[in-house]
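A.B. asks: Any chance you can model this:
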Amino acid sequence: MSSEADAIIDFDDKKCCASCGIAANDDVKLKNCTACHLVKYCGVKCQREHRSKHKRECKKRAAELHDEILFKQPESSHHGDCPICCLPLSLDEQKSGMMTCCSKQICKGCCYANAMREIRESLEQKCPFCRHPLQSKDEDFGQNLMRRAEANDPVAMREMGKRRRNEGDYGKAFGYWKKAAELGDSEAHFQISVFYRDGKGVEKDVKKAIYHAEQAAIGGHPRARFNLGYEELRNRRIERAMKHLIIAANLGHDVSLRSLREHINIFVSEEDFAAALRAHQAALDATKSPQRVAGEAFYAKHQK
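C.D. replies: Next up is the predicted model:
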């Protein structure tokens, strides 16, 4: 059969129900198989009847689609960019701070520049982003955070979860993170994966731990990616493990880079490691600026 004929058959298959063969028209709307997107069905009944014939092909393609998403290099880490200077935020959370008034993560360079301006002009201390007056007491800080969490702000809910975890209330911590994860917060997915892995606040569940770690990794969370890499190493899936570690190292994750270095000429080639090393340095350089250097030095001095 000619390639032209094959193309026609493929085209027709996509326009017809894979089970009964009915063609799409004004009265019949076909829907893709939600797992693989390879075939279409006119209804649930046909999908169920065709399941036994389609199951193997569907699982194979669904796994391929999953891996295409999972192993795609994120453009940035889950921290994203500082909303003021628009430079990538450092993985080191000590180099930025979250404003509870607007839930924005601001680099210390921009915080420093704003503070210096306020000192020079004798102005009231306000948020560098939304200009809301800064909270001076921890109690006020917590109340502001709670208000934003009650308004379904995922960042605030994530931070409330961390507070409850630090207080030892794992059940409430999990509840906050679950809501934040449903709204797409990668850090919340990571924290949930750790809870399922360790059995804190929930029963241990490896499948759920991996699922949430994968969601976090897709969102650019390098620690979640590192954990996935070592889970794959433990299961002797070496190629997948190295892919995870390379992606995390490319985001600037030091521990993943060190792990790759330990596996040079064992599981990773010198060429792949060299490429990861260059990408790692580029990721670190992208987070630097003279303003950030000055700000980090200023706050380090005054926090001693």
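A.B. asks: make it CA atoms for all contacts and neighbour counts henceforth
C.D. replies: Will do.
A.B. asks: Now residue 115: closest residue in space that isn't a chain neighbour?
C.D. replies: Counting by Cα to Cα, 6 or more residues apart in numbering, residue 125 is the residue found nearest to residue 115 once chain neighbours are left out, at 7.3 Å.
A.B. asks: pretty sure that neighbour is touching residue 118, no?
C.D. replies: Yes. With contacts counted by Cα atoms under 8 Å, residue 125 reaches residue 118, the gap being 6.6 Å.
A.B. asks: What residues sit buried inside stretch 69-86?
C.D. replies: Burial within stretch 69-86, assessed by neighbour count using 16 or more other Cα atoms under 10 Å, is assigned to 70, 71, 73, 74, 76, 77, 78, 79, 80, 81, 82, 83.
A.B. asks: Contacts only, for the spatially most central residue of the chain.
C.D. replies: For the chain, residue 219 is the residue whose C-alpha lies nearest the centre (Cα atoms, centre = their mean; 2.1 Å). Residue 219 is in contact with 74, 77, 78, 186, counting by Cα atoms under 8 Å, 6 or more residues apart in numbering.
A.B. asks: The first one against residue 218, yeah?
C.D. replies: Translated: residue 74. Yes. Contact criterion Cα under 8 Å: residue 74 and residue 218 qualify, at 7.0 Å.
A.B. asks: residues shared between the contacts of these two?
C.D. replies: Contacts common to residue 74 and residue 218, judged by Cα under 8 Å, 6+ apart, are absent.
A.B. asks: thinking again about what came up before, just the ones of the contacts of residue 219 in helices?
C.D. replies: residue 186 (DSSP state H).
A.B. asks: Kindly indicate which of the contacts of residue 219 lies nearest residue 286.
C.D. replies: residue 77 (11.8 Å; Cα to Cα).
A.B. asks: Next up, phi/psi of that closest one, please.
C.D. replies: phi -70, psi 170 (degrees, to the nearest 10).
A.B. asks: ok, now how distant is the closest residue to it other than its chain neighbours from residue 298?
C.D. replies: Among residues not flanking residue 77 along the chain, residue 220 sits closest, at 4.3 Å (Cα to Cα, 6+ apart). Distance, residue 220 to residue 298, by Cα to Cα, to the nearest Å: 29 Å.
A.B. asks: Give the full set of residues in contact with the residue nearest to residue 115.
C.D. replies: Residue 125 neighbours (Cα under 8 Å, 6+ apart): 115, 118, 133, 134.
A.B. asks: The second one touches residue 124, doesn't it?
C.D. replies: Yes. With contacts defined as Cα under 8 Å, residue 118 counts as touching residue 124 at a distance of 6.7 Å.
A.B. asks: Start from the N-terminal end of the chain and give the helices.
C.D. replies: With DSSP H applied, the chain shows helices at 3-15, 44-70, 108-120, 138-150, 154-166, 170-182, 186-198, 206-218, 222-234, 238-250, 254-262, 270-286, 290-302, listed in chain order.
A.B. asks: Let me know which of those is tucked in deepest.
C.D. replies: Highest mean neighbour count among the helices of the chain (mean count of other Cα atoms under 10 Å): helix 186-198, with a mean of 25.
A.B. asks: same for that helix, what does it pack against?
C.D. replies: helix 170-182, helix 206-218 (3 or more Cα pairs under 8 Å, 6 or more residues apart in numbering; DSSP states H and E).
A.B. asks: what would these look like in a markdown table with mean pLDDT and distance to residue 36?
C.D. replies: Formatted as a markdown table, those follow (pLDDT from 0 to 100; distance: least, Cα to Cα, whole Å):
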| stretch | mean pLDDT | distance to residue 36 |
| --- | --- | --- |
| helix 170-182 | 96 | 23 |
| helix 206-218 | 97 | 18 |
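A.B. asks: TSV for those, including distance to residue 250?
C.D. replies: As requested, the helices and strands packed on helix 186-198 are exported to TSV (distance: least, Cα to Cα, whole Å):
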stretch	distance to residue 250
helix 170-182	24
helix 206-218	13
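A.B. asks: Nearest to residue 66, out of those?
C.D. replies: helix 206-218 (10.0 Å).
A.B. asks: contacting residues around that closest one?
C.D. replies: In contact with helix 206-218 (Cα under 8 Å, 6+ apart) are residues 69-72, 74, 185-190, 192-197, 223-225, 227-228.
A.B. asks: Recalculate using a threshold of 10 Å.
C.D. replies: 69-74, 77-78, 181, 184-199, 219-228, 231, 244, 247-248 (Cα atoms under 10 Å, 6 or more residues apart in numbering).
A.B. asks: For the chain, name the helix or strand with the lowest mean pLDDT.
C.D. replies: helix 3-15 (a mean of 47; mean pLDDT, DSSP states H and E).
A.B. asks: Neighbours of residue 93, how many?
C.D. replies: Neighbour count for residue 93, taken as other Cα atoms under 10 Å: 12.
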